[in-house]
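In: predicted model and sequence follow; I will ask about them next.
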Amino acid sequence: MNVRSAETFAVDLTACDREPIHIVGSIQPHGFLLTLDAASLAIVQASANAPAGTEVGAALETALPELVPIVRRYLDDQPTEDGAHYLRTVTLAAAASQAYEVAAHRVGDLVVVELEEFADPSVEAGLDALSLRLRAFVQRLRVARTVEDLCAIVAEDVRHVTGFDRALIYRFDRDWHGTVLAEAGNGNLPSYLDLRFPASDIPVQARELYRRNRLRIIPDAGYAPVPIRPTLTPAGPPLDLSQSVLRSVSPVHVEYMRNMGTMASMSVSILIDDRLWGLISCHNAEPKRVPLQARNACDFLTQIFALQLSARERGAQAEQRLALGAIQARLLGFMAEEDSFVDGLLKHPDDVMALVNAAGAAIVTGDRCRLIGATPGETEVRGLYDWLSAREDADEVFSTDALSDLLPKAEAFAAQASGLLAISVSKRYASYILWFRPEVVRTVKWGGNPAKPATQDPEGGPDRLHPRKSFEIWKETVKGRSLPWSLPEVEAAKDLRSSVLGIVLRRAEELAAMSEELQRSNKELEAFSYSVSHDLRAPFRHIVGYSNLLKTREASNLSEKGRHYVDTIIEAAFSAGTLVDNLLTFSQMGRHALNKVSGEMNPLVEEVRRKVLRDVPPERTVRWEIGPLGRAYADPFMLRLVIENLLSNAVKYTRDRPEAVIEVGRGAPKDGEAVFFVRDNGAGFDMAYVDKLFGVFQRLHRVEEFEGTGIGLANVRRIVERHGGRTWAEGELGQGATFTFTLPIRGEEY
């Protein structure tokens with residue numbers, strides 16, 4: 001792959017961009033220029049080749065009386081459009097009866113009048129002479145199918161009107177590199193069709209001049225510039241020649257033309273919505289004059305072409321907007337049907353990707369990462385999420401088709417994500433929807449090596465440049481870029497963001513109403529909890545206490561059956577008290593505020609294991625297999641309750657085994673979650689009833705076999721779900737069981 005030199009570009013572009021080409025202080029010699037005071041029509045500046053009698057301070061009426069009515073009519077009309085206005089052709093007695101084409105434009109309080117020598121044209125000139133061709137031109141534009149066809153038509157007609165050897169249609173890309181889309185020529189000059197030219201060939205200030213002044217001609221690249229005298233205007237600064245017809249051009253550009261083998265050139269700007277879309281660039285091997293009227297005809301052709309081009313682009317965008325709008329409407333319906341908009345998107349991945357014509361997508365929040373289609377790995381997507389969240393100039397919608405230019409480490413996954421389009425769903429919680437496009441490797445043909453657009457002149461100072469001399473085809477393999485995101489695609493992503501925010505806002509309002517109801521219910525629940533604690537626990541303690549007194553003090557008066565009855569009463573009252581305590585714990589579980597921190601899992605499991613073993617009879621054999629568990633991001637107190645319930649159950653349901661085997665481990669991460677499990681070789685359970693396991697008061701074994709209240713696993717599920725995780729179980733009767741839970745992963749828990 002050919003790589004451009006960033007250092008070379010920096011030198012060239014900086015020097016070229018600084019060149020004040022709009023205040024060069026000189027004109028081309030095929031005409032002369034006068035600067036007039038708009039109020040008095042006194043001459044305040046004149047080019048050195050102006051006729052005798054046009055010295056500074058002279059009245060126009062005295063020096064060139066033929067111009068006075070023409071200029072006054074121009075001022076009376078008060079034209080509002082920028083640019084030079086063609087006024088008429090005039091013959092001047094003071095210039096040996098030479099005919100001139102007159103153009104004028106305003107620069108503040110001054111009127112700049114330019115008189116271009118009129119020669120008998122060898123080409124068709126004027127709209128009248130071109131009327132038949134114009135009709136045919138418009139008809140051909142209507143039936144053209146592609147942008148390239150449109151460009152070919154206008155290139156052919158402009159070359160016919162001007163008589164130049166070659167006419168090119170040159171389109172700018174987003175980096176201001178230009179590509180030749182169409183060409184018409186007579187074979188005198190080499191073909192540049194499909195070649196690309198670097199942005200440095202037309203520097204920034206030159207592009208701005210092309211935008212402001214649509215037409216420019218250089219009849220002879222070997223001309224000697226004619227200075228304007230005096231150099232400064234009466235107000236002080238040099239004369240602004242941005243709208244000038246005769247303005248002299250940069251010496252670098254003249255040398256550039258010579259290096260191309262062209263001695264005459266003309267360019268017409270193609271503007272769409274006042275934006276420089278491209279240029280019609282004409283060249284001739286020999287010096288060549290084109291009359292002003294013929295040039296104006298070309299300008300007219302170009303404006304018709306630009307309107308047709310704009311209509312085509314708008315039509316194509318409108319069609320794409322309609323297609324993407326239908327997809328967005330479907331997604332909106334899907335999201336509205338689900339409790340979470342994320343579920344609505346995840347259940348319809350094809351529409352999510354089709355919304356912006358992406359190959360993959362990701363929905364990323366602080367604790368979850370869901371991937372769709374062809375994407376980078378979860379770790380890389382997390383990195384993109386962190387990068388987007390940390391950007392100081394973060395926008396609601398971000399797009400690029402060259403991600404590795406902005407984020408160098410993205411080069412590692414360019415095959416999946418050279419293009420990135422992202423929307424921020426929530427700034428407060430930093431949530432993003434990301435779309436990816438793969439790398440599209442292509443070969444670009446340049447008109448010369450773009451890495452060497454110019455060279456410095458060692459004798460002319462740091463700002464004196466020579467343009468490149470070679471225009472031989474130079475091929476470059478472009479990597480790290482995807483197909484660009486179109487405006488309708490970016491707008492579709494932005495509209496989806498608005499839809500998501502609307503759904504989230506509506507859900508927030510619903511949740512606020514539910515929260516008020518929940519607060520009322522919580523107050524009632526707290527009152528109920530207090531009643532249970534105070535009114536039920538005390539009687540149960542009394543029952544147990546008095547039953548124990550009866551059992552000890554009246555032991556001699558109780559029969560064997562009577563003592564059995566008393567033991568049953570004590571056991572039942574104790575179980576009821578335990579059940580009340582567990583119910584209170586379960587009810588308080590939802591009100592306990594989570595205090596999440598990141599911590600190691602193995603020390604926590606070891607602490608709980610030692611606690612559980614205190615109640616294990618010494619004669620039991622329990623083999624523990626605890627693997628490396630890594631870190632988890634959770635509330636330590638709540639997570640301890642989860643581990644305690646699972647390990648206690650494992651110990652309880654393996655007590656009939658000669659050797660109990662209890663394994664605690666960590667599975668492979670899945671969908672942005674850390675996976676933990678507790679496995680035993682105990683009694684197991686029938687999978688037909690697995691849905692009952694995590695419900696309150698749900699038991700799959702008789703109390704006579706294994707004691708318990710049926711609330712422990714319900715607490716496990718409630719705690720894990722509050723953390724944003726999931727729980728499930730697998731088992732087989734007599735073969736043991738595995739209980740699994742997940743916790744969302746943060747960056748440091750990988």
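Out: That came in fine, so what should we check first? Numbers count the residues shown, from 1 in each chain.
In: what's across from Ser265 in the sheet?
Out: Ile218, His283 (DSSP bridges).
In: do you know the pLDDT at it?
Out: Ser265 is assigned 92 on the pLDDT scale.
In: that one and Leu371, how far apart?
Out: Ser265 sits 53 Å away from Leu371, going by CB to CB, to the nearest Å. C-betas here are computed from N, CA, C, even on glycine.
In: for the nearest residue to Phe694 once chain neighbours are set aside, helix, strand, or coil?
Out: Sequence neighbours aside, Arg717 is the residue nearest to Phe694 in space, at 4.2 Å (criterion: CB to CB, 6 or more residues apart in numbering). State at Arg717, reduced to three classes by DSSP: H, G, I helix; E, B strand; the rest coil: helix.
In: now the one 3 residues further on
Out: Following three-state DSSP, the label given to Val720 is helix.
In: isn't there a helix covering Ile228?
Out: No: counting by three-state DSSP, Ile228 is not part of a helix but strand.
In: and the gap between it and Asp220?
Out: Going from Ile228 to Asp220 by CB to CB gives 19 Å.
In: got the buried residues for stretch 248-268?
Out: Within stretch 248-268, the residues that count as buried by 16 or more other CB atoms under 10 Å are 248-257, 260, 262-268.
In: for it, list the C-alpha coordinates in PDB.
Out: Output of stretch 248-268 as PDB, limited to C-alpha atoms (Å, rounded to 0.1, in the frame of the first residue of the first chain):
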ATOM      1  CA  SER A 248      -4.500  37.300 -12.000                       C
ATOM      2  CA  VAL A 249      -3.800  33.900 -10.600                       C
ATOM      3  CA  SER A 250      -1.200  32.400  -8.300                       C
ATOM      4  CA  PRO A 251       2.200  31.700  -9.900                       C
ATOM      5  CA  VAL A 252       2.000  28.200  -8.500                       C
ATOM      6  CA  HIS A 253      -1.300  27.600 -10.400                       C
ATOM      7  CA  VAL A 254       0.200  28.900 -13.700                       C
ATOM      8  CA  GLU A 255       3.200  26.600 -13.200                       C
ATOM      9  CA  TYR A 256       0.800  23.800 -12.400                       C
ATOM     10  CA  MET A 257      -1.000  24.400 -15.800                       C
ATOM     11  CA  ARG A 258       2.300  24.300 -17.600                       C
ATOM     12  CA  ASN A 259       3.300  21.100 -15.900                       C
ATOM     13  CA  MET A 260      -0.100  19.600 -17.100                       C
ATOM     14  CA  GLY A 261       0.800  20.600 -20.700                       C
ATOM     15  CA  THR A 262      -2.100  23.200 -20.900                       C
ATOM     16  CA  MET A 263      -1.700  26.800 -21.900                       C
ATOM     17  CA  ALA A 264      -5.300  27.900 -21.400                       C
ATOM     18  CA  SER A 265      -8.000  26.900 -19.000                       C
ATOM     19  CA  MET A 266     -11.500  27.700 -17.800                       C
ATOM     20  CA  SER A 267     -13.400  26.500 -14.800                       C
ATOM     21  CA  VAL A 268     -17.100  26.800 -13.900                       C
END
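In: hmm, back to that, which members of the buried residues of stretch 248-268 occur in helices, if any?
Out: Within the buried residues of stretch 248-268, residues falling in helices by DSSP state H are Pro251, Val252, His253, Val254, Glu255, Tyr256, Met257, Met260.
In: reformat these as CSV; add distance to Glu66 and pLDDT.
Out: Listed next are these as CSV, based on distance: CB to CB, whole Å; pLDDT from 0 to 100:
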residue, distance to Glu66, pLDDT
Pro251, 35, 81
Val252, 38, 80
His253, 34, 80
Val254, 33, 83
Glu255, 38, 82
Tyr256, 38, 78
Met257, 35, 83
Met260, 39, 81
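In: now flag whichever of those is closest to Leu75.
Out: The shortest approach to Leu75 among those belongs to His253, at 33.0 Å (CB to CB).
In: for Glu116, see how far away the closest one is.
Out: His253 is 20 Å from Glu116, by CB to CB.
In: kindly report the same for Leu92.
Out: In terms of CB to CB, Leu92 sits 12 Å off from Glu116.
In: mutual contacts of those two, please.
Out: Residues touching both Leu92 and Glu116 (CB atoms under 8 Å, 6 or more residues apart in numbering): Tyr100.
In: still on that earlier bit, so Ile228 and Asp220 - more neighbours on which side?
Out: Between Ile228 and Asp220, counting by other CB atoms under 10 Å, Ile228 is the more crowded of the two (27 against 17).
In: can you pull the pLDDT of the more buried one?
Out: Looking at Ile228, the pLDDT reads 93.
In: list the residues that contact it.
Out: Applying CB under 8 Å, 6+ apart to Ile228 gives the contacts Gly25, Ser26, Ile27, Leu33, Thr35, Gln45, Ala46, Ser47, Ala48, Leu239.
In: what is it paired to in the beta sheet?
Out: Taking DSSP bridges as the rule, Ile228 bridges to Ser47.
In: by mean pLDDT, flag the weakest helix or strand of this protein.
Out: helix 6-18 (a mean of 39; mean pLDDT, DSSP states H and E).
In: can you tell me the element Ile153 falls in?
Out: When elements are assigned from DSSP states H and E, Ile153 belongs to helix 147-162.
In: helices or strands next to that helix in the packing?
Out: helix 131-143, strand 166-172, strand 178-185, strand 275-284, helix 292-337 (3 or more CB pairs under 8 Å, 6 or more residues apart in numbering; DSSP states H and E).
In: ok, which of those comes nearest Gln98?
Out: Distance to Gln98, taken as CB to CB, is lowest for helix 292-337 among the helices and strands packed on helix 147-162, at 14.7 Å.
In: quick one: name whatever helix or strand follows that closest one.
Out: Downstream of helix 292-337 (by DSSP H and E), the next one is helix 341-346.
In: next secondary structure after that next one?
Out: helix 349-354.
In: alpha carbons of the following helix or strand past that next one, in CSV - could you do that?
Out: Going down the chain from helix 349-354, the next helix or strand is strand 360-364, by DSSP H and E. This file holds the C-alpha atoms of strand 360-364, laid out as CSV (Å, rounded to 0.1, in the frame of the first residue of the first chain):
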residue,chain,number,x,y,z
GLY,A,360,-23.7,-5.3,12.7
ALA,A,361,-24.9,-3.4,15.8
ALA,A,362,-24.5,-3.3,19.5
ILE,A,363,-26.6,-1.9,22.4
VAL,A,364,-24.3,-1.0,25.2
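In: any idea of the mean pLDDT for strand 360-364?
Out: Rounded mean pLDDT across strand 360-364 is 89.
In: could I get the average pLDDT for the very next helix or strand once past that strand?
Out: For strand 360-364, the following helix or strand on the C-terminal side (DSSP H and E) is strand 369-373. Across strand 369-373, the average pLDDT comes to 89.
In: next: stretch 605-612.
Out: Stretch 605-612 comes out at a mean pLDDT of 88.
In: how far does it sit from the chain's center?
Out: 50 Å (CA atoms, centre = their mean, to the nearest Å).
In: what's the answer for stretch 484-491, then?
Out: How far stretch 484-491 lies from its chain's middle: 9 Å, per CA atoms, centre = their mean.
In: now do the buried residues in it.
Out: Pro484, Trp485, Ser486, Pro488, Glu489, Val490, Glu491.
In: now, which of these sits nearest Arg133?
Out: Nearest to Arg133 among the buried residues of stretch 484-491, counting by CB to CB, is Ser486 at 34.8 Å.
In: was I right about the closest one contacting Gln317?
Out: Yes: between Ser486 and Gln317 a contact is recorded at 7.2 Å, counting by CB atoms under 8 Å.
In: elements contacting the helix or strand harbouring Val661?
Out: According to DSSP H and E, Val661 maps onto strand 660-670. Helices and strands touching strand 660-670, by 3+ CB pairs under 8 Å, 6+ apart, are strand 622-626, helix 636-652, strand 673-680.
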